[in-house]
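Enquirer: need a structure here:
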Amino acid sequence: MTPLPTTPMRATTSNTRPRFTMPPLSCDSHFHVFEPGYPHVPDPLYTFPDGTLEQYLRLADWLGIERMVLVQPTFYGTDNSLLLDVLRKAGPRCRGVARIDDSASEAELDRLHDAGVRAIRLDLFARARWPMAELVAYIRAMAGRARPRGWHLQFYTPGAVVRTLLPFLAELDHPFVIDHMGYGMDLDGLLLLLAGGHCHLKLSGPYRLVKDGPVAGVEPLVRALVEARPDRLLWGSDWPHLPDGQRDTGELLNLLADWVPAAEDRRRILVEAPGRLFYGQ
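Expert: Numbering: from 1, shown residues only. Purely as a prediction, here's the structure:
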């Protein structure tokens, strides 16, 4: 692969390098891409962001990220056209998390798998008012679609929905990942899920939890999670940091230097967990 320039695409992307040595095969397990010319959902929740693949790859090079996972955003709904194009352009170091229609054919899922998709993203924000029985049936159905391909499920969900589903998720016999540290889920509930055999949690989007407060406010939560199950945690940049994009990705990565002081635990989070889930390692 042709080396990329070692300067960031633009100042607002990242001015900060990692304060720790990035282990080989480090993975950003949660980023998005937006390119002109692809159809988006009617009335999206945010305006078209500044976040192209070229910008992201320059950022990854700047930070020492060798592998990455593209997550289908709500902006594009279940139209995975851009995701497929990005996976083709980025090559095998990039994996994908797709959103699918209930009616997606087996051939379509096979096409996604061949392109590098390894998970289905379930938007439970959009289903937050569903009765629990309907949510459970939906999750079971999606697990049934994922299982033959060795995919896991990824939950984009409010913490309140996770709390409602806690007894079910604690017994769910299928690998799953919860975005953004549970999005307000309490620590005891997260520890219960991590104690089981199938839950992973993304250390991503801390600003989503604290809103206008300092991201340092989530440090006690992260430290408790790391102490309990560092092998079940992944790190994700959440680039380009919607809705306003005003974050320094390097500063967010450097939170791991403080919150995960042991290099071996950082390797578990940056290399081993994503390696198992997305790269079959």
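
Enquirer: and the strands in the stretch 101-250 of the chain, which stretches?
Expert: 117-123, 152-156, 176-178, 199-203, 233-235 (DSSP state E, counting those that start in this stretch).

Enquirer: run a quick neighbour tally on L252.
Expert: By other CB atoms under 10 Å, the residues close to L252 number 24. Quick note: C-beta positions are derived from backbone N, CA and C, even for glycine.

Enquirer: which stretches of the protein have low pLDDT?
Expert: The model of the chain has pLDDT under 70 over residues 1-14.

Enquirer: could you pick out the longest helix of it?
Expert: Counting residues, the longest helix in the chain under DSSP state H turns out to be helix 132-146.

Enquirer: alpha carbons of it, as CSV, please.
Expert: In CSV, the C-alpha atoms belonging to helix 132-146 read as follows (Å, rounded to 0.1, in the frame of the first residue of the first chain):
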residue,chain,number,x,y,z
MET,A,132,-40.0,-5.4,25.1
ALA,A,133,-41.4,-8.5,23.5
GLU,A,134,-41.1,-6.9,20.0
LEU,A,135,-37.5,-5.7,20.7
VAL,A,136,-36.5,-9.2,21.8
ALA,A,137,-38.1,-10.8,18.7
TYR,A,138,-36.3,-8.2,16.5
ILE,A,139,-32.9,-8.9,18.2
ARG,A,140,-33.4,-12.7,17.9
ALA,A,141,-34.3,-12.3,14.2
MET,A,142,-31.2,-10.2,13.5
ALA,A,143,-29.0,-12.7,15.4
GLY,A,144,-30.5,-15.4,13.2
ARG,A,145,-29.4,-13.4,10.1
ALA,A,146,-25.9,-12.8,11.5
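
Enquirer: what's the closest of the strands of the stretch 101-250 of the chain to S105?
Expert: Closest approach to S105 among the strands of the stretch 101-250 of the chain (CB to CB): strand 117-123, 14.3 Å.

Enquirer: before we move on, the earlier item: now the strands of the stretch 101-250 of the chain as CSV including distance to T78 and mean neighbour count?
Expert: Compiled in CSV, these are given as follows (distance: least, CB to CB, whole Å; neighbours: other CB atoms under 10 Å):
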stretch, distance to T78, mean neighbour count
strand 117-123, 10, 22
strand 152-156, 13, 23
strand 176-178, 19, 24
strand 199-203, 21, 23
strand 233-235, 24, 24
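
Enquirer: what are the phi and psi values at the residue nearest the centre of the chain?
Expert: Nearest to the mean C-alpha position of the chain, by CA atoms, centre = their mean, lies H30 at 3.2 Å. Torsion angles at H30 (phi, psi; degrees, to the nearest 10) stand at phi -160, psi 100.

Enquirer: with A98 instead?
Expert: Note on A98: its backbone torsions stand at phi -100, psi 160 [degrees, to the nearest 10].

Enquirer: try V69
Expert: Backbone torsions of V69, given as degrees, to the nearest 10, read phi -120, psi 120.

Enquirer: from memory it sits against A98, does it?
Expert: No - applying CB atoms under 8 Å as the test, V69 and A98 come out as separate, 11.3 Å apart.

Enquirer: that older thread, what sits closest to the residue nearest to the centre of the chain if chain neighbours are left out?
Expert: Sequence neighbours aside, G236 is the residue nearest to H30 in space, at 2.5 Å (criterion: CB to CB, 6 or more residues apart in numbering).

Enquirer: neighbours around the one you found, how many?
Expert: 22.

Enquirer: same deal with A195?
Expert: 12.

Enquirer: distance check, it against G184.
Expert: Applying CB to CB, to the nearest Å, the value for A195 to G184 is 20 Å.
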